[in-house]
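Q: here is a sequence together with a model predicted from it:
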Amino acid sequence: MNLLNRVFNYELPTEIVFGVDSIQHLPQIIGRLNGSRVLVISDPGVKDAGILNKVTVQLEDGVTFDTFWDIEREPDVKTIWKATAKAKEFGADLIIGVGGGSALDAAKAVAVMVENEGDISNYAGLNKVPNPSVPTICIPTTSGTGSEVTIWTVISDKENNRKFGIGGKTIAPTIALCDPTLTLSLPGSMTAATGIDALTHALESFVNKATQPISEALSRESMRLISKSLRKAVHQGDNLEARYDMLLASTIAATAFNPTRLGLAHALCMPLGAKFNVPHGIANAILLPQVMEFNLVGNPEKFKDIAEIFGEKTDGLSLHEAAALAVKAIKKLNQDVGIPTGFREFGVTEMDLGYIAEGAIGSDNVLVNPRKPSLADLKEIVRKSL
């Protein structure tokens with residue numbers, strides 16, 4: 001498409017505060033938002049690692065607060081209901097989310113439901129939430145989901161084996177407080193999974209049909225940082241520079257895909273997570289090379305760019321040969337950071353291919369993918385990923 005004939009828009013509703021030890025600015029940020037009764041939402045892992053305490057210790061002078069740290073991986077609608085009930089009973093006028101994507105998504109969902117009636121599933125889709133949420137601060141402790149700046153929250157309905165997204169400016173956090181020191185204790189396996197999740201955000205946004213100059217520039221920088229620092233962050237967990245790069249890459253990638261959506265990897269992740277409990281980052285990492293291979297013909301110029309960002313030499317090669325090196329580079333990255341090789345270990349079999357493909361085909365992420373897939377194409381991508 002000729003960019004001269006195209007109008008695009010870019011908006012980032014969330015303010016970003018980023019830097020080493022920036023958690024110390026939390027009291028001033030709460031003051032700016034006029035927060036007086038704060039509910040902090042997190043998960044057991046963050047609490048047990050002592051990270052939740054690093055946040056709440058900042059609140060002990062002059063702020064009334066309470067905590068809800070029972071958020072599970074892939075937060076369920078029932079958990080959101082419980083946390084919302086606590087927020088309303090407490091009279092929370094500000095929500096803080098501390099953790100990975102699950103805790104941050106839960107915090108965003110609770111902030112919405114404090115100001116809106118009914119069941120959260122009623123608001124599935126884009127721009128369905130009528131009333132603005134209470135002010136929300138999201139503090140990431142992983143470098144992957146980018147939930148601290150996205151206009152989406154993803155909730156599970158485990159009773160019905162489904163996941164759904166709720167999107168719109170009313171979902172976006174008010175402020176993202178990003179302190180790389182809070183990611184230093186993240187285990188290598190989780191660093192790898194969340195890091196490839198961030199890469200998938202940047203890469204799928206970069207090659208899809210909704211891409212635009214601002215998001216492209218953000219995606220490029222995110223991929224550059226991941227290429228430079230993911231291996232170090234996985235294998236040298238105390239390397240603060242690598243942790244800084246990865247948290248920045250994750251946040252930047254999310255600002256890239258906010259206006260563009262993603263692609264087939266994320267479409268397929270939803271049914272894989274809902275029924276088989278495959279962690280989101282792992283699902284993306286396993287799918288990504290196969291999705292890239294399928295998409296190469298849809299945007300070979302961009303895949304050549306990706307190959308070069310990840311250090312592949314493309315001089316003297318045809319466009320297709322150069323583009324194919326992007327797949328090689330990502331497979332090598334997966335191997336180097338210890339990503340599982342397939343979905344069989346999660347109980348997925350050939351019998352499940354139809355369920356997964358049918359669960360993905362209706363995703364809006366399919367609509368912007370650089371190559372239009374059929375159900376058979378989606379089944380084959382998952383089959384190659386078993």
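A: Perfect, thanks for sending it. Numbers count the residues shown, from 1 in each chain.
Q: contacts and neighbour counts: CA atoms only from here.
A: Fine.
Q: can you show me the helices along the stretch 201-350 of the chain?
A: Applying DSSP state H, counting those that start in this stretch to the stretch 201-350 of the chain gives helices spanning 213-235, 240-257, 264-276, 280-295, 300-309, 319-337.
Q: deepest-packed of these, please.
A: helix 240-257 (a mean of 26; mean count of other C-alpha atoms under 10 Å).
Q: so which of the helices of the stretch 201-350 of the chain comes closest to Glu350?
A: Of all the helices of the stretch 201-350 of the chain, it is helix 264-276 that lies closest to Glu350, at 13.1 Å by C-alpha to C-alpha.
Q: mind listing residues that contact the closest one?
A: With C-alpha atoms under 8 Å, 6 or more residues apart in numbering as the test, helix 264-276 has contacts from 156-158, 161-163, 200, 278-280, 283-284, 287-288, 291, 346-348, 355-357, 359-361, 363-366, 369.
Q: what mean pLDDT does that helix get?
A: Mean pLDDT, computed over helix 264-276, is 91.
Q: and what of stretch 220-228?
A: If you average the pLDDT over stretch 220-228, you get 98.
Q: sorry, back to before: and the contacts of helix 264-276, which of them are buried?
A: 156-158, 162-163, 200, 278-280, 283-284, 287-288, 291, 348, 356-357, 359-361, 363-366, 369 (16 or more other C-alpha atoms under 10 Å).
Q: those residues in strands, which ones?
A: Among those, the members falling in strands (DSSP state E) are Ser156, Asp157, Arg162, Lys163.
Q: going by distance to Ser205, which of those residues wins?
A: Closest approach to Ser205 among these (C-alpha to C-alpha): Lys163, at 21.2 Å.
Q: across the sheet, point out what pairs with the nearest residue to that closest one once chain neighbours are set aside.
A: Counting by C-alpha to C-alpha, 6 or more residues apart in numbering, Lys163 lies nearest to Ser156, which is 4.3 Å off, once chain neighbours are set aside. Here Ser156 sits in beta bridges with Asp76, Lys163, as judged by DSSP bridges.
Q: pLDDT score assigned to Asp61?
A: Looking at Asp61, its pLDDT reads 79.
Q: show me what contacts Thr183?
A: Counted by C-alpha under 8 Å, 6+ apart, Thr183 has contacts Pro140, Thr141, Thr142, Ser143, Arg243.
Q: out of the residues you listed, what pair is the most spread apart?
A: Farthest pair in the contacts of Thr183, by C-alpha to C-alpha: Pro140 and Arg243, 12.2 Å.
Q: and the helices of the stretch 201-350 of the chain: which comes nearest Ser385?
A: helix 280-295 (6.1 Å).
Q: and the closest one, what's its mean pLDDT?
A: For helix 280-295, mean pLDDT is 96.
Q: try stretch 151-171
A: 88.
Q: residues near His25, how many?
A: 12 (other C-alpha atoms under 10 Å).
Q: next: Ser102.
A: Neighbours around Ser102, by other C-alpha under 10 Å: 25.
Q: ok, back up a step: out of the contacts of Thr183, which is nearest to Leu177?
A: Among the contacts of Thr183, and counting by C-alpha to C-alpha, the member closest to Leu177 is Pro140, at 7.4 Å.
Q: check contacts around the residue nearest to Lys163.
A: Here Ser156 is in contact with Glu74, Pro75, Asp76, Val77, Arg162, Lys163, Phe164, Ala274 (C-alpha under 8 Å, 6+ apart).
Q: same check, this time on Gly144
A: Residues in contact with Gly144 (C-alpha under 8 Å, 6+ apart) are 100-101, 193-199, 247, 250-251, 281.
Q: ok, Asp245 next?
A: By C-alpha under 8 Å, 6+ apart, the contact list for Asp245 reads Leu225, Ile226, Ser229.
Q: again, 7 Å this time
A: With contact taken as C-alpha atoms under 7 Å, 6 or more residues apart in numbering, Asp245 is in contact with Leu225, Ser229.
Q: again, but for Ile120
A: Each residue near Ile120 by C-alpha under 7 Å, 6+ apart is listed here: Met113.
Q: quick check: phi and psi at it.
A: Backbone torsions of Ile120, given as degrees, to the nearest 10, read phi -60, psi -30.
Q: what does the lowest-mean-pLDDT helix or strand in the chain contact?
A: Across the helices and strands of the chain, mean pLDDT, DSSP states H and E gives its lowest value to strand 162-167, namely a mean of 87. Strand 162-167 is contacted from outside by 123-127, 151-157, 270-271, 274, using C-alpha under 7 Å, 6+ apart.
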